[in-house]
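**Student:** below is the structure, and that's it, no one-letter string:
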């Protein structure tokens, strides 16, 4: 029950009279008295001598005493329950005869009351309205707000809250640091003051459209935007906005983060990537040029040496010199090819083209190429159960791995033989290359994969190779994600293992390149057209083929090849063209030009110093055979014979 200042004193006095039984209380007043006793507020009456003249049950409970307090001094009845403010306010009301109202806390408890005192000539009427619950809620709200403020003000990110009119209602300390404004300067202002154009002009329209349509461009999504500081400078920031309601009022919370450093880092990273890409392109260009330009003179040396060998019978005194020259050019050729291959692999310029291929067919073909070499050393070479072996890999790169391993096996085996076989196990295909050579000690089995390391060849005898083959094998195996294993026993031999993922067989055309063993005996070449823009190499090849009894015409490009063919009025029996010609032309183009001019297909070989897998695939897809510079004369002769046999 609450009393108001206006007229409250008269009502109070009337009700006290009823409670005291003054006058003859009619039934209606007795009901009022009963109602007063049941109110939740504590009520007391004090006379001018500060003695209690009335106290209801609620006030009695508030004092915490069960004996009668009527007639007791108020300060004895409430010795410590209230603070000095209570006494001060009551004395003020008594002295001024004006009602007073204040909040007070019951000492030693969690109770809070609104105390109202109504003075009269007879004393004071005082009642206490319990507001403990309200105070608890207020304290909770204050604590929550303090926690929010502490979180907001200690947050690294700027936090800004706006209302539906886009006016700022909260601006934390991080926002102050970010924008250069104090909260007092921003709160109550439109948030667009923190935006540059054109966002500044478009913001209110965007907010209105969102409220009307619900279509958000930023709210609940987040994006990169630009902010404007107090000093006018602009900066990039990440902005995420969430929407929330307080009753029927809508608010938006924006969390902002300065990303100036991140954007600078991204720019630096892009610049570094661009620089790396340029360096990669330069490296790729250099290696491609080196591969071509270095192989060209070496190829000429190989061919001219072969010409000298063919004529050394006429000059016996030069026989030993020519033999040494032949060995040197062969070693130089092998070294150059190995170094360029390693450089391309280390530069990351070789990209595998994985597909499902018949490994068994590849093994059969490669083994056929080494049968003659093995037989020349009195070795047996055979395969075991490889016909139905299919796996997923890059067949060009995988073939190079097998060739290196087989060549090593034959080179370092002097008795017995070499076996290559396949085994299926748990979705993988294991390929084993076993030899009966000298074996490799355990402490050397890791070292043999390093460049130029060879077991038992400390003198660097070139007859035993250069020590690059296994280094290339390891690099290619890592590139193709193959498991490469080695088991070896001194005096027993070695076993290299490759593990590939298997796949289902697919329809596949027979490989374009035949094995040397399949080519067989001699084939007459007749008229040979050589297309190469290197004059020295053209002359060397011309000398080689003329030594084999061929007629030769040479050209530096496709147009000249067509013209020279027309001059001799004969269709060439074979074409040998360098892949890289002048002005961006290729040997493939030149071959097609000649074939179109002649009106029919002509057996052809493409020579290239580029060992990139994509170059090899391009030539193979054309249907022509491919030979890598520097190619040995006997190998060139065999490949050309294979091309003519295919055409026949």
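**Tutor:** Received it, and whenever you're ready, just let me know what you need. Bear in mind the structure is a predicted one, so any value in this text is a computation, not a measurement. Numbering: from 1, shown residues only.
**Student:** phi first, then psi, for residue 496.
**Tutor:** In terms of degrees, to the nearest 10, the main-chain angles of residue 496 are phi -100, psi 140.
**Student:** whoops, residue 639 was the one
**Tutor:** Residue 639 adopts backbone torsions of phi -70, psi -40, taken as degrees, to the nearest 10.
**Student:** which secondary structure element of this structure has the lowest mean pLDDT?
**Tutor:** helix 516-519 (a mean of 37; mean pLDDT, DSSP states H and E).
**Student:** which SSE is immediately downstream of that one?
**Tutor:** Counting by DSSP states H and E, the element after helix 516-519 in chain order, helix or strand, is strand 527-531.
**Student:** buried ones in that following strand?
**Tutor:** By neighbour count on 16 or more other C-beta atoms under 10 Å, the buried set for strand 527-531 is 527-531. (Glycine included, C-beta is placed from N, CA and C.)
**Student:** just the helices in the stretch 151-300 of the chain please.
**Tutor:** 173-179, 183-186, 199-213, 260-311 (DSSP state H, counting those that start in this stretch).
**Student:** got it, and the stretch 401-550 of the chain?
**Tutor:** For the stretch 401-550 of the chain, the helices defined by DSSP H, counting those that start in this stretch cover 469-479, 516-519, 535-547.
**Student:** follow-up on the earlier one: would you list the helices of the stretch 151-300 of the chain in a markdown table and tack on mean neighbour count and mean pLDDT?
**Tutor:** What follows is the helices of the stretch 151-300 of the chain, written out as a markdown table (neighbours: other C-beta atoms under 10 Å; pLDDT from 0 to 100):
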| stretch | mean neighbour count | mean pLDDT |
| --- | --- | --- |
| helix 173-179 | 20 | 91 |
| helix 183-186 | 15 | 92 |
| helix 199-213 | 13 | 78 |
| helix 260-311 | 15 | 75 |
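**Student:** compare the ones you listed and report which one is nearest to residue 475.
**Tutor:** Closest approach to residue 475 among these is made by helix 260-311 (14.5 Å; C-beta to C-beta).
**Student:** quick one on the thing from earlier: considering the helices of the stretch 401-550 of the chain, which stretch scores lowest in mean pLDDT?
**Tutor:** Per-stretch mean pLDDT for the helices of the stretch 401-550 of the chain is lowest at helix 516-519 (a mean of 37).
**Student:** if I pick the residue lying closest to residue 256 once chain neighbours are set aside, what's in contact with it?
**Tutor:** Nearest residue to residue 256, sequence neighbours excluded (C-beta to C-beta, 6 or more residues apart in numbering): residue 158, at 4.2 Å. Applying C-beta atoms under 8 Å, 6 or more residues apart in numbering, we find residue 158 in contact with 172, 174-175, 177-179, 254-258.
**Student:** list the buried residues in the longest strand anywhere in the chain.
**Tutor:** Of all the elements of type strand in the chain, the one with the most residues (DSSP state E) is strand 234-246. Within strand 234-246, the residues scored as buried using 16+ other C-beta under 10 Å are 236-237, 239-241.
**Student:** now do stretch 486-497
**Tutor:** 488, 493-497.
**Student:** quick one: mean pLDDT over that stretch.
**Tutor:** The pLDDT scores in stretch 486-497 average 86.
**Student:** ok now that stretch, how far from the chain's centre?
**Tutor:** A distance of 41 Å separates the centroid of the chain from that of stretch 486-497, by C-alpha atoms, centre = their mean, to the nearest Å.
**Student:** picking up where we left off before, so which of the helices of the stretch 151-300 of the chain gets nearest residue 93?
**Tutor:** Of all the helices of the stretch 151-300 of the chain, helix 183-186 sits nearest to residue 93, with 40.3 Å by C-beta to C-beta.
**Student:** now what about the closest one, what contacts it?
**Tutor:** 168, 170-172, 175-176, 179, 193-194.
**Student:** which among those gets closest to residue 154?
**Tutor:** residue 172 (8.8 Å).
**Student:** if I look at the closest residue to the closest one other than its chain neighbours, what pLDDT would I see?
**Tutor:** The spatial neighbour of residue 172 that comes closest, neighbours along the chain excluded (C-beta to C-beta, 6+ apart), is residue 152 at 4.1 Å. Here, the pLDDT recorded for residue 152 equals 70.
**Student:** just residue 532 next, same as before
**Tutor:** 90.
**Student:** residue 556 is in contact with that one, correct?
**Tutor:** Yes. Assessed by C-beta atoms under 8 Å, residue 532 is found in contact with residue 556 at 7.1 Å.
**Student:** the two: which has the busier surroundings?
**Tutor:** More crowded of residue 532 and residue 556, by other C-beta atoms under 10 Å: residue 532, with 27 against 19.
**Student:** tell me, how many residues neighbour residue 113?
**Tutor:** By other C-beta under 10 Å, the residues close to residue 113 number 22.
**Student:** can you confirm it is in a strand?
**Tutor:** Yes. Under DSSP: H, G, I helix; E, B strand; the rest coil, residue 113 falls within a strand.
**Student:** which residues does it contact?
**Tutor:** Per C-beta under 8 Å, 6+ apart, neighbours of residue 113: 42, 103-104, 106, 128-132.
**Student:** report how many residues lie close to residue 601.
**Tutor:** Using other C-beta under 10 Å, residue 601 has 10 neighbouring residues.
**Student:** what does residue 401 give?
**Tutor:** Applying other C-beta under 10 Å, we find 26 residues neighbouring residue 401.
**Student:** so it sits right up against residue 497, yeah?
**Tutor:** No. Contact criterion C-beta under 8 Å: residue 401 and residue 497 do not qualify, at 11.8 Å.
**Student:** low-confidence ranges in the stretch 1-150 of the chain?
**Tutor:** The model of the stretch 1-150 of the chain has pLDDT under 70 over residues 1-40, 79-83, 106-109.
**Student:** can you give me the strands for it?
**Tutor:** In the stretch 1-150 of the chain, the strands defined using DSSP state E, counting those that start in this stretch lie at 42-47, 52-55, 100-105, 112-119, 123-130.
**Student:** so which of the ones you listed comes closest to residue 432?
**Tutor:** With respect to residue 432, and counting by C-beta to C-beta, the nearest of the strands of the stretch 1-150 of the chain is strand 112-119 at 90.5 Å.
**Student:** and the closest one, how far out from the chain's middle?
**Tutor:** Going by C-alpha atoms, centre = their mean, the spacing between the C-alpha centre of strand 112-119 and its chain's C-alpha centre is 71 Å.
**Student:** in its sheet, what does that strand sit against?
**Tutor:** In the sheet, strand 112-119 lines up against strand 100-105 (antiparallel), strand 123-130 (antiparallel) (DSSP bridges).
**Student:** go through it and flag the buried ones.
**Tutor:** Neighbour counts over strand 112-119 (16+ other C-beta under 10 Å) mark 112-119 as buried.
**Student:** now do stretch 126-142
**Tutor:** Across stretch 126-142, burial judged by 16+ other C-beta under 10 Å covers 126-131, 135.
**Student:** tell me the one of these nearest residue 250?
**Tutor:** Of all these, residue 250 sits closest to residue 135, with 30.1 Å by C-beta to C-beta.
**Student:** tell me which residues touch the closest one, please.
**Tutor:** Counting by C-beta under 8 Å, 6+ apart, residue 135 has contacts residue 112.
**Student:** neighbouring contacts of stretch 489-504?
**Tutor:** Contacting residues not belonging to stretch 489-504 are listed as 356, 359, 390-393, 398, 401, 405, 409, 413, 416, 424, 427-441, 477, 480, 482-488 [C-beta under 8 Å, 6+ apart].
**Student:** switch the cut-off to 7 Å
**Tutor:** With contacts defined as C-beta atoms under 7 Å, 6 or more residues apart in numbering, stretch 489-504 is touched by 356, 390-393, 401, 405, 424, 427-441, 477, 482-488.
**Student:** that older thread, quick check: the farthest pair among the buried residues of strand 112-119?
**Tutor:** The two members of those with the most space between them (C-beta to C-beta) are 112 and 119, at 23.4 Å.
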